[in-house]
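Asker: Please work out how this folds:
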Amino acid sequence: MSPGRPAVLGLQAVSVGALLGAWETAARAGWVDPLFVPAPSAVAAAFAGVGAPALAGLGDTLAKTALAYVLAVVGGVGLGLLIGSLRLLRDVLSPFVIALYGMPKILVLPWIVLLLGYGPTPAVVYGTIHGLFPILVLVIGGVRDVDRNLVTVARAFGATPWQLYWKVVLPAIVPTVIAGMRLGIVFCLLGVLVVEMFAGVRGMGHVLGALANGFRAPELFAATALVSAASIVIVLGLDAVNERLSRWRG
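Answerer: Predicted coordinates:
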């Protein structure tokens, strides 16, 4: 019998507590250099000093990430459905999509900054590019792998193209789309942070870069923990959406 949710949450809390305890012990015993790896207690205390600018930077970063994410999801799912549904288009474009997906996106960052200058626009564009391709590749594969028997039966019963997509294709690829969305939000956030760090754009990436350059390790760890917590909350939210859409599939 599988353990209940309270037991799972309890084990997770114990695991996190044990990790933090070991980290605190190692820092206090001098096993790690506090200049680079401060104790969790020092990180917690640093929240007071870095909290306000970090929260402001995080809000700015999340706003740009949200816009980049919407563009990436709309573009990735829409293009994925189109390319995945048309075999000729899929055969022609798939090698290019895979090649662009595998290309280090950092190579296009100087060109984006050169063309768009500094400000929120290059961060949104670069975040969109980062998040688009994981979603696009997964959706193309999901549409390609839909059970052809289901499509044939739906067409035999006179389903229109709209009904075919709404009743057969979309329910079949929900897990793939959600998986792509999980990857997409992480990649969008990463893309926005990279631009903020290296292009001097206002936001959490700029805050992290300034803290790192100032060797303010406790504050840097505190700000990093804030970004990590936001990412975890977003991913858990997508898991909740997946649960609801799973009922629709049924």
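Asker: where does the chain dip in pLDDT?
Answerer: 1-5, 200, 245-250 (pLDDT under 70).
Asker: Nearest residue to the middle of it?
Answerer: Val186 (1.5 Å; CA atoms, centre = their mean).
Asker: so that residue touches Ser228, yeah?
Answerer: No: using CB atoms under 8 Å, Val186 is not in contact with Ser228; the gap is 11.0 Å. Heads up, the C-betas are built off the backbone N, CA and C, glycines and all.
Asker: how about the helices in the chain?
Answerer: With helices called from DSSP state H, the chain shows them at 5-28, 40-85, 87-102, 109-116, 120-144, 148-156, 161-164, 170-198, 204-213, 217-249.
Asker: ok, back up a step: I'd like the distance between the residue nearest to the centre of the chain and Leu238.
Answerer: For Val186, the distance to Leu238 equals 10 Å [CB to CB, to the nearest Å].
Asker: now Ala7
Answerer: Using CB to CB, Ala7 is found at 24 Å from Leu238.
Asker: who has more neighbours, the two?
Answerer: Neighbour count, other CB atoms under 10 Å: between Ala7 and Leu238, Leu238 has more, with 15 against 10.
Asker: check contacts around that one.
Answerer: Leu238 makes contact with Ile178, Met181, Arg182, Ile185 under the criterion CB atoms under 8 Å, 6 or more residues apart in numbering.
Asker: same thing but 6 Å
Answerer: For Leu238, the contacting residues are Met181, Arg182, by CB atoms under 6 Å, 6 or more residues apart in numbering.
Asker: just Gly80 next, same as before
Answerer: Leu136, Val139, Ile140.
Asker: count of neighbours near the closest residue to Ile112 other than its chain neighbours?
Answerer: Closest residue to Ile112 apart from its sequence neighbours, by CB to CB, 6 or more residues apart in numbering: Pro122 at 4.8 Å. Using other CB under 10 Å, Pro122 is surrounded by 24 other residues.
Asker: Right, I'll leave it there.
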